[in-house]
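# Starting from these lines, generate the structure:
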Amino acid sequence: MAGDDPHDLAAALAERDRLGALIGDLGDLLVQGRPLDPTLRDCCDVLVARLDAAAAHIWLLDDAGGALVVGAGAGVDVGGSRRVIVGEGIVGRVAAERHPHHGAPGSESAYPLAVGDVLVGVLAFVPRRALGAATRSGLVAAAQGIALGIERQRTEARLREQTEVVETINRIGQLLSAELAQDKLVQAVTDAATELTGAEFGSFFYNVLDDQGGSYMLFSLSGVSREAFAHMPMPRATQLFGPTFRGEATIRIADVRKDARYGHSAPFHGMPAGHLPVCSYLAASVISRSGEVIGGLFFGHASPGMFTERHERIVEGLAAQTAIAMDNARLYQRARQALEEREGLLAREQAARHDLEVASRAKDEFLGMLSHELRTPLNAILGWTRLLGAGRLDPTAIGRAVETIDRNAKLQGHLIDDMLDVSRIISGKLRLDAQPVDLTTTVGAAVDTSRPAAEAKDIRVQVVLDFGAGVVLGDAVRLQQIVWNLLSNAIKFTPKQGTVCIQLERVNSHVELTVSDTGPGIDEDFLPHMFERFRQADGAISRKHGGLGLGLAIVRHLVELHGGTVEAHNRADRAGAIVTVKLPVMVVRKTAPSDLTAPERVHPVVSGAVPFDCPPSLNGVRVLAVDDDADARRLIAAVLEDCGAVVHTCASVAEAIAALDEATPDIIVSDIGMPEEDGYELIKRVRAREVVAGGQIPAVALTAYARVEDRMQALTAGYDMHVPKPVEPAELAVVVASLVTRSEGRS
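Numbering: from 1, shown residues only. Modelled structure (predicted):
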């Protein structure tokens, strides 16, 4: 990679692998449902192993919330107290401030463990080496995952405890305990008690807490409609009602009108106007097991002396059962809330795990894609370089070789530049040389650069410029990069003889740049991810279009650095996509300091060439070469024909099968990653043929997919050998000669 030490690149890739393994291992541990203590110990072991840390500890916030205690640890014993006050020391400060602390190698680093605004504890460890930015960012996500796992297990424990309480209440309760809906419960209590006491009417006044902790009173009635009490005020703690609302003894009065406690309270000084006629009076407190007065049961009758000691005992028994039932109902509500919270926690955890899995897959796909995209042009460059060095090419072939090397070097340079830009964006090191820029000039330069690619596909580029659109403050080079990336992307996905339109205009206080095309449009599912790094709508090895999926991500970051926005959508009137960039118009001229300019890039060199001076003889060997890249086909043909082989080249699987139907070659050399149908489909169709029709032809997979799993897949699919790009011409010739000789020996 230009500007990067290969060792740095290897270290970055190794860091990414360790981070992915760390997050994956932690995720596996936290979803196994084991007890909390061993789970946390295993998490510490994973942190020590994956981060090469000297020690790791998970501190848990105590019940009082003022201190942290060690819940688990691994690695060397660093000593010190097993209890830390919140706000003291590194761990205490991280708990108080909720911000990570990144220590130097050999000193303590710490990350808060929190679920939303709720602090669970602190993750602390002592790294032996400096941690990269990616690892630090990943550790924040890992800490969140550990916090979710801890809170999930605690929630499950609380739920189990509450469930046991509810089950106990259900076992000892009677009929009323089976009703968990509070409104139905209180009405059932009132109806049952009214009937059992023989009262003409009964009521149950009870306290309810709202979501903010405030208290208010509700009531139920039996034997009379609610309209009868609609105009009446709620009972107050008078001499008559006060003892019941305070949880004192049951009150039974034969004739309330003759009782000394009756009629002394303002404003009525007796029975309120319109009140139901009451002589016999019976009231009992409903007290929870905790001693809280939930409310009171009140019963009345128009005739005196209607309530007996037996009725008093019935009401007291019902009041006790009512308290149990209401406790049950309240516990049920809390258990249901806890269950909903637990389900929400599990859903968030599953979503986080899914995101981790998607990120891991994206990493693997990107690494394979990166290998392919870098090795493909490198294959052509190195191959033609070897042929030039051997001095065996005629002047026409030399010109073609130089042209091919130049084109592929520029392609590889562009890929490397994209990766460097992304690296600078991620690390926050991308700087702008801000100057007043007229975008009409920028657009014109980008169009001129993109025109050869458009002409190669016979694509018409329409340019509509508003020369009075205004000046923007920005980096002219980066702004041209934005326009060029959008244009090249539109040209890449527009079919031959299509149209790409770029329009620049002033809209209010912004300059709008719009790039539209007549391509197939953007998949609706992919639209939200279009500007994400390493994301492509088609990531398969049989995709039609190459690239690393970085161009549009770079566009988004560059636009945002210029204070603008970018969005994409499909055309509504016909096929095609539209990308719109909005940049603010410059109001005050200002110049960025010179130290914001990007550093000079340094390009690497390639060494270790294998001479192509004594190639093996392939006189008369018939080779079928299959590769969608024209430069690759020409290189294979030049190398093998120089050894005396007769080479027939094909650009697709369909062409190769058609060539096999016409004549059977001695060997097949095929690429793997090709559009429509890939190299695996080719070998599958070849091996399905009869032997006389070429079903056992030796086959070489010559591909830029060079991982171990790619090699295993190629050999399993039916290829005899797997040769990674870039390939030395001498190596390719030897491989072909070896397979042909081996095949002749078998026959």
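# Name the helix or strand for Asp406, please.
helix 395-427 (DSSP states H and E).
# go on, Ala95?
Assigned by DSSP H and E, Ala95 belongs to helix 89-97.
# Pull out the buried residues from that helix.
Residues 89-95 are the ones in helix 89-97 that count as buried (16 or more other C-beta atoms under 10 Å). The way it works is simple: take the backbone N, C-alpha and C, and place the C-beta from them, glycine included.
# Just give me the closest of those to Leu331.
Leu331 lies nearest to Ala95 out of the buried residues of helix 89-97, by C-beta to C-beta, at 32.1 Å.
# Now do the contacts for the closest one.
59, 61, 68, 84, 86-87, 112, 119, 121-122 (C-beta atoms under 8 Å, 6 or more residues apart in numbering).
# Gly644 and Ser617 touch, don't they?
Yes: with contacts counted by C-beta atoms under 8 Å, Gly644 reaches Ser617, the gap being 5.7 Å.
# measure the spatially most central residue of the chain to Ala96 for me?
The centroid of the chain falls nearest to Asp355 when counting by C-alpha atoms, centre = their mean (3.3 Å). From Asp355 over to Ala96 the distance is 29 Å, taken as C-beta to C-beta, to the nearest Å.
# What's the local residue count around Pro395?
Here the number of neighbours of Pro395 (other C-beta atoms under 10 Å) works out to 7.
# What's the mean pLDDT across the helix holding Asp406?
Here helix 395-427 scores 71 as its mean pLDDT.
# C-terminal to it, what's the next element?
By DSSP H and E, the next helix or strand past helix 395-427 is strand 435-438.
# Let's see that following strand as PDB, backbone CA atoms only.
The C-alpha atoms that make up strand 435-438 are tabulated as PDB, following Å, rounded to 0.1, in the frame of the first residue of the first chain:
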ATOM      1  CA  GLN A 435      -9.600  27.800  -0.500                       C
ATOM      2  CA  PRO A 436     -12.500  29.600  -2.400                       C
ATOM      3  CA  VAL A 437     -13.400  27.200  -5.200                       C
ATOM      4  CA  ASP A 438     -15.500  27.700  -8.300                       C
END
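# Parallel or antiparallel, list what pairs with that strand.
The strands beside strand 435-438 in its sheet (DSSP bridges) come out as strand 471-474 (antiparallel).
# element containing Gly444, please.
Gly444 belongs to helix 439-456 when assigned by DSSP H and E.
# for that helix, packing partners?
Contacts defined by 3 or more C-beta pairs under 8 Å, 6 or more residues apart in numbering; DSSP states H and E place helix 439-456 against strand 460-465, helix 476-493, strand 499-507, strand 510-517.
# before we move on, back to that, when Gly644 and Ser617 are compared, which one has more neighbours?
Neighbours were counted for Gly644 and for Ser617 using other C-beta under 10 Å; Gly644 has more, 14 against 11.
# On the three-state scheme, that one is what?
Following DSSP: H, G, I helix; E, B strand; the rest coil, Gly644 is assigned to coil.
# measure it to Thr250 for me?
Using C-beta to C-beta, we find Gly644 at a distance of 115 Å from Thr250.
# Identify the single longest helix in the protein, thanks.
Scanning the chain for the helix with the most residues, using DSSP state H, yields helix 309-390.
# So what's the gap between that one and the chain middle?
10 Å (C-alpha atoms, centre = their mean, to the nearest Å).
# cool, and stretch 246-253?
61 Å.
# if we can go back for a sec, show me the contact partners of the helix holding Gly444.
Helix 439-456 is contacted from outside by 460-461, 463, 465-467, 469, 472, 476, 479-480, 483-484, 487-488, 491, 500, 502, 504, 511, 513, 583, using C-beta under 8 Å, 6+ apart.
# Counting neighbours, which bits of that helix end up buried?
Going by 16+ other C-beta under 10 Å, helix 439-456 has these buried residues: 439-440, 442-447, 450, 454.
# just stretch 105-115 next, same as before
Those would be 108-115, for stretch 105-115 by 16+ other C-beta under 10 Å.
# next one: stretch 44-61
44-51, 53-61.
# and the helix or strand that contains Ile683, what does it pack onto?
Using DSSP H and E, Ile683 maps to helix 679-687. When contacts are defined as 3+ C-beta pairs under 8 Å, 6+ apart, helix 679-687 sits against helix 653-662, strand 667-670, strand 699-703, helix 708-717.
# weakest of these in terms of mean pLDDT?
Mean pLDDT per stretch puts helix 708-717 lowest among the helices and strands packed on helix 679-687, at a mean of 87.
# Can you list the buried residues in whichever helix or strand comes after that one?
Of the helices and strands lying after helix 708-717 in sequence (DSSP H and E), the nearest is strand 721-724. Neighbour-count burial for strand 721-724, counted by 16+ other C-beta under 10 Å, picks out 721-724.
# what about Ala351, how many residues close to it?
10.
# re the thing from before, rebuild the buried residues of strand 721-724 as JSON lines, extending it with pLDDT and distance to Ser222.
Output for the buried residues of strand 721-724, formatted as JSON lines (pLDDT from 0 to 100; distance: C-beta to C-beta, whole Å):
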{"residue": "Met721", "pLDDT": "92", "distance to Ser222": "91"}
{"residue": "His722", "pLDDT": "91", "distance to Ser222": "86"}
{"residue": "Val723", "pLDDT": "89", "distance to Ser222": "90"}
{"residue": "Pro724", "pLDDT": "85", "distance to Ser222": "86"}
